[in-house]
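*Asks:* Build me a model:
(chains A and B)
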Amino acid sequence: MPRNGRPYNPVVTLNGWTLPWRMKDGWKEFHLIAEPVVREMAPGMKANLWGYNGQSPGPTIECVEGDKVRIFVTNKLPEHTTIHWHGILLPSGMDGVGGLSQPQIPVGKTFVYEFEMKKSGTFMYHPHADEMVQMAMGMMGFLVVHPKDPNLHRVDRDFVFLINAYAIDPGSRTPRVSEMMNFDLWSWNSRVFPGIDTLAVRRGDRVRIRMGNLTMTNHPIHLHGYDFEVTGTDGGWVKPTARWPEVTVDIPVGAMRAIEFDANEPGDWAFHCHKSHHTMNAMGHSVPTMIGVDHRDVARKIITLIPDYMVMGERGMADMGEMEMPIPENTLPMMTGQGPFGPIEMGGMFTVVKVREGLARNSYADPGWYKHPPGTVAYELKA
Amino acid sequence: MRHSTTRPRAAILAAGLLLSGCAATASINPSTQASSPPVQAVPPQLAATQGQLSMEQAVRMALLRNQSLRALYYRSTLSETAMTDAIAGTEGRTAADPLDQERRFIVAATSPLAQPMASEVDRRTADRTRTLVASEMLQTANAVRRAWIAAVAAAENARYLERALMSAEAGTELARRMVRVGNWPRLNELRERAFQGEVAAQLARARQAAVSERETLTKLLGLWGSEANFALPDRLPDLPASPANLPNVEEVALRQRLDLQASRLTIFAEAREFVLDGYDRGELVGYRRGEVTLSEVDYFGDNGKSREIRVPMFDRQQARRDPKLLPYVQSLDRYSELAVSVRSEAREAYLGYRTAYDVAKHYRDTIIPLRKEISEENLMRYNGMLISVFELLADAREQITSVTNYIEAQREFWTAETDLRLALTVGGAGGGSGRTVRLPGGSAAAGH
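*Replies:* Alright, predicted model coming up:
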């Protein structure tokens, strides 16, 4: 529960945090600072991004239906910016479209947005000034408006994350901002597997996961082990009679989806985008299929091109046969991750929902690998 | 890797040429020539079959054994023994300046031609003979160095292309496997095979070039038979740590150039013959316009000490009217013209040398390391499955160009180096044999 203002049940932002506020004369005041940031997308890879308050995506803003909010936005970017409050019903002049609804916020200046949260729901914020570049650089954040009645739509665990994508050439650290389709890092909250938090859930909890898509393509998000219902969009809550069961929810571009389920099945359940190349990290898109073609010996011959006085490659080629092969700096393996039974061979938009008996109510720490009851793991047929 | 079934015919052809080239050399037996020296006259350190033949060893060997030089020695009454003695006397003495070491050798080798006790006229004639012989030796040394550099570089190039062909074969083999399992269309394999074919053709040419360059060297060395199987180093010498710094290159050339020295000898002789005699007889009073000072530096003298000789200068109009003076004035004119050329050649050769050094160093210190780094980066991208082995092959093809260019840059540097030596001593880079040498005394001899 928050220390001041209206009570609500806070959300948990994967790899993120909620923006603190102060109450002033009945207004809930937030301060967002737009600035360049360095984001570790997974251990071993850092990206030069733009974000808010030191991270990309920016901190989650949580408030309550009926709150009057005042949001200061300071621009520490090298170019002007604005913030658009995606899905919020507000006066036209607070909508944050540079040039249309307000002047751009110049470099070094602070603008103030003031509006009342008229309804609860799941929203986001992002720039509407040089929008393509600023979003390609990671500027976005989650915005949750809780119902006035904390018991309305109440769940036990409420996870939120934004879906984003970056085009960062292997060996570099800054996204290509003019990219249209060939993104190679498919991320949740600017993190990729194995860098995405797991979703620790106590068995029996009612769980909500709210997801917003600010990439340039749709994402069919799939949860293993459960069926769930779509209970909300950025348009509002879905009436119970209008909900329908799903195991995969397709999240359109520029949209929010909230899903809910009762976590009755313990286990480690994969949770990922079902576009299989979105569960890969940086990969070569034009690498030919080598299935069935033994080519290690051939690659080895290429080093003979370099006379010995160039001291080239022998080390590198010898490394090829070993487990750890050097790859370009600041680059994540295309597929990686180690599970209890071996390599998970995933990347990008992949994490695990970990449902366990008897987790503490406020514990979101990774409970480790699931201990399967005897006789419940697929086994090798012995002749 | 499975052995390639499309082994390039061109490569086989090249190998065949190499073999037949050896056979042809072996079948010629010049031992019937009367002028062939007995083999035991060769000092053991010059035996062609011992170890790898360095550039300077090759030069010594050629000075001793080159057929046209030997003919010249014979005509100028230099004995084989004088040569071997000169070699023995200078061999093993390390000199900071190889140019100076070479000069000392040539001075020693031609010293029997000096006749300090003879009459002035005889001495001048002997000096001119000695100058011509030394010039020929220097020309031959330059030709040998050029041939040695070309032979080593060509062999290095051919060996490099052998590796390139092996890699191209690897690409073809991989493409064949890709097509066989259905991962690639046939077109891609055809492209790989076309590339392999190009490399094979390049290799055939490179092998032939290596054979030709080596034969040029063998000829200049005067070798045949089993001695023609001498071994050369695998690659050109490393670049020196720094290039020679010759801010006064023109002065060096003016001091050392043998053709200038020969021209001076002519002037002095003519001054004596036409001018001083005329003075003595009182014929030339009133013609005289002044004197010019020729700074004479004797190439053969001790440490190149110079002495200044003043010779008279005449009004050209007056001199033309006196046929006795004309040759002398014309000699002076030729001397001026030659000095201008010598200065120009020295500047050009020195600039060429410095440029060649910078270019070779640029390849060594910048381009090749860059290529190496690119290869390493590519390898890491290959490891990360970001690129395929075919991108590695494409990169390797770019390396072929860079490494070939590097070998060429080294060859150009060492060639420029020997050409600079020549420009500072005798001029006429790239010659050395195949010219007619006229000895003082009228006997013309075909060089080569």
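
*Asks:* mind checking which helix or strand of chain A has the lowest mean pLDDT?
*Replies:* Least confident helix or strand, chain A: helix A:314-320 with a mean of 36, by mean pLDDT, DSSP states H and E.

*Asks:* now the helices for chain A?
*Replies:* A:131-136, A:296-302, A:314-320 (DSSP state H).

*Asks:* neighbouring contacts of the first one?
*Replies:* To tie it back to what came earlier, the one meant is helix A:131-136. A:50, A:77, A:81, A:126-127, A:164, A:166-167, A:175-179, A:214 (C-beta atoms under 8 Å, 6 or more residues apart in numbering or on different chains). For the C-beta atoms, the positions are set from N, CA and C on the backbone; glycine is no exception.

*Asks:* which one of these sits closest to B:Ala114?
*Replies:* Taking C-beta to C-beta as the measure, B:Ala114 sits nearest to A:Arg176 out of the contacts of helix A:131-136, at 78.3 Å.

*Asks:* Report the separation between the closest residue to A:Leu143 other than its chain neighbours and A:Gly93.
*Replies:* Nearest non-adjacent residue to A:Leu143, counting by C-beta to C-beta, 6 or more residues apart in numbering or on different chains: A:Phe123, 4.1 Å away. Distance, A:Phe123 to A:Gly93, using C-beta to C-beta, to the nearest Å: 18 Å.

*Asks:* again, but for B:Ser68
*Replies:* 100 Å.

*Asks:* The two: which is more packed in?
*Replies:* The residue with more neighbours, out of B:Ser68 and A:Gly93, is B:Ser68; 20 against 12, by other C-beta atoms under 10 Å in any protein chain shown.

*Asks:* State the helix or strand in which that one lies.
*Replies:* Element membership for B:Ser68 (DSSP states H and E) is helix B:67-75.

*Asks:* how about that helix: buried residues?
*Replies:* B:67-73 (16 or more other C-beta atoms under 10 Å in any protein chain shown).

*Asks:* and the angle from the following helix or strand past it to helix B:67-75?
*Replies:* Once helix B:67-75 ends, the next helix or strand along the chain (criterion: DSSP H and E) is helix B:80-90. Relative orientation of helix B:80-90 and helix B:67-75, computed by axes from the mean of the first three to the mean of the last three C-alpha atoms, to 10 degrees: 110 degrees.

*Asks:* Show me what helix B:80-90 is packed up against.
*Replies:* Using 3 or more C-beta pairs under 8 Å, 6 or more residues apart in numbering or on different chains; DSSP states H and E, the elements in contact with helix B:80-90 are helix B:55-65, helix B:67-75, helix B:98-110.

*Asks:* now for those helices, which one comes closest to chain A?
*Replies:* Ranking those by distance to chain A, with C-beta to the nearest C-beta as the measure, places helix B:55-65 first at 18.6 Å.

*Asks:* what residues are up against the most far-flung residue of chain B relative to its centre?
*Replies:* Ranked by distance from the centre of chain B (C-alpha atoms, centre = their mean), the top residue is B:Gly182, with 55.7 Å. Counting by C-beta under 8 Å, 6+ apart, B:Gly182 makes contact with nothing.

*Asks:* And for A:Trp85?
*Replies:* By C-beta under 8 Å, 6+ apart, the contact list for A:Trp85 reads A:94-96, A:113, A:115, A:123, A:125, A:143.

*Asks:* Can you convert these into JSON lines and add a column each for distance to B:Glu408 and neighbour count?
*Replies:* Compiled in JSON lines, the contacts of A:Trp85 are given as follows (distance: C-beta to C-beta, whole Å; neighbours: other C-beta atoms under 10 Å in any protein chain shown):
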{"residue": "A:Met94", "distance to B:Glu408": "70", "neighbour count": "17"}
{"residue": "A:Asp95", "distance to B:Glu408": "67", "neighbour count": "19"}
{"residue": "A:Gly96", "distance to B:Glu408": "63", "neighbour count": "26"}
{"residue": "A:Tyr113", "distance to B:Glu408": "67", "neighbour count": "24"}
{"residue": "A:Phe115", "distance to B:Glu408": "73", "neighbour count": "18"}
{"residue": "A:Phe123", "distance to B:Glu408": "67", "neighbour count": "22"}
{"residue": "A:Tyr125", "distance to B:Glu408": "62", "neighbour count": "26"}
{"residue": "A:Leu143", "distance to B:Glu408": "65", "neighbour count": "28"}
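
*Asks:* Would you mind putting those residues into a markdown table with pLDDT alongside?
*Replies:* Compiled in a markdown table, these are given as follows (pLDDT from 0 to 100):
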| residue | pLDDT |
| --- | --- |
| A:Met94 | 98 |
| A:Asp95 | 97 |
| A:Gly96 | 97 |
| A:Tyr113 | 98 |
| A:Phe115 | 98 |
| A:Phe123 | 97 |
| A:Tyr125 | 98 |
| A:Leu143 | 98 |
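
*Asks:* Let me know the closest of those residues to chain B.
*Replies:* Checking the contacts of A:Trp85 against chain B by C-beta to the nearest C-beta gives A:Tyr125 as the nearest, at 34.4 Å.

*Asks:* does that closest one really touch A:His84, like I thought?
*Replies:* Yes - counting by C-beta atoms under 8 Å, A:His84 is a contact partner of A:Tyr125 at 6.8 Å.

*Asks:* What separation do you get for A:Thr241 and A:Arg208?
*Replies:* Per C-beta to C-beta, A:Thr241 is found 19 Å from A:Arg208.

*Asks:* who has more neighbours, the two?
*Replies:* With neighbours defined as other C-beta under 10 Å, A:Thr241 and A:Arg208 compare such that A:Arg208 has more, 23 against 5.

*Asks:* so who does the more buried one touch?
*Replies:* A:Arg208 is in contact with A:155, A:157-159, A:231, A:258-260, counting by C-beta under 8 Å, 6+ apart.

*Asks:* What residues does the stretch 251-400 of chain B have near chain A?
*Replies:* Counting by C-beta under 8 Å from any C-beta of the partner chain, the residues of the stretch 251-400 of chain B close to chain A are B:368, B:371-372, B:375-377, B:379-390, B:392-393, B:396, B:399-400.

*Asks:* Any quick ChimeraX command for the buried ones out of those?
*Replies:* Applying 16+ other C-beta under 10 Å to these leaves a buried subset, and the ChimeraX line that selects it is:
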select /B:368,371,372,375,376,377,379,380,381,382,383,384,385,386,387,388,389,390,392,393,396,399,400
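
*Asks:* what separates stretch A:358-365 from the chain centre, distance-wise?
*Replies:* Distance of stretch A:358-365 from the chain centroid (C-alpha atoms, centre = their mean, to the nearest Å) equals 22 Å.
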